[in-house]
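> give the three-dimensional model of this entry:
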Amino acid sequence: TRFSKEDIHDSPPEGVYVHGLFLEGASLDRKTGKLVESRPKVLYEQMPVIYIYAINTTAGKDSKLYECPIYRKPARTELNYIGSIDFESDIGPRHWVMRGVALLCDIK
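Take a look at the predicted model:
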């Protein structure tokens, strides 16, 4: 979503709102909701509230979406892995994989 934590007062009809995540290796264009290059000298960017919901589909995944991993800590191990979220981008997903883009719950 494009909302901050203070803007949301009710729970969604389905799914959950998540806040407090940090994006490493890229930036998020708040107007379009797409991944863009990170700003100079900015290691982590605070994410806006993210609306997460399940979808039931048999169709294949869109190859233009970047499947961004979510980790508990900056140490990227199987123990810290939570799941992934798909992000849109004007650049192919391979670019973001090479940049090491990930969402982090804690940056310490």
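> specify the strand with the largest residue count in this protein.
When the chain is parsed with DSSP state E, its longest strand is strand 81-89.
> in that one, what's buried?
By neighbour count on 16 or more other CB atoms under 10 Å, the buried set for strand 81-89 is Ile85, Phe87, Ser89. (C-beta placed from N, C-alpha, C; glycine too.)
> pretty sure the second one contacts Tyr66?
Yes. With the criterion set as CB atoms under 8 Å, Phe87 and Tyr66 qualify as a contacting pair; they are 4.9 Å apart.
> who touches both of those two?
Leu35, Trp96 (CB atoms under 8 Å, 6 or more residues apart in numbering).
> which parts of this protein are strands?
For the chain, the strands defined by DSSP E occupy 16-18, 22-24, 27-29, 34-36, 44-46, 50-52, 66-71, 81-89, 102-104.
> could you measure His19 against His95, distance?
Distance of His19 to His95, computed by CB to CB, to the nearest Å: 27 Å.
> that should have said Phe87, apologies.
Distance of Phe87 to His95, given as CB to CB: 12 Å.
> perfect, that will be all.
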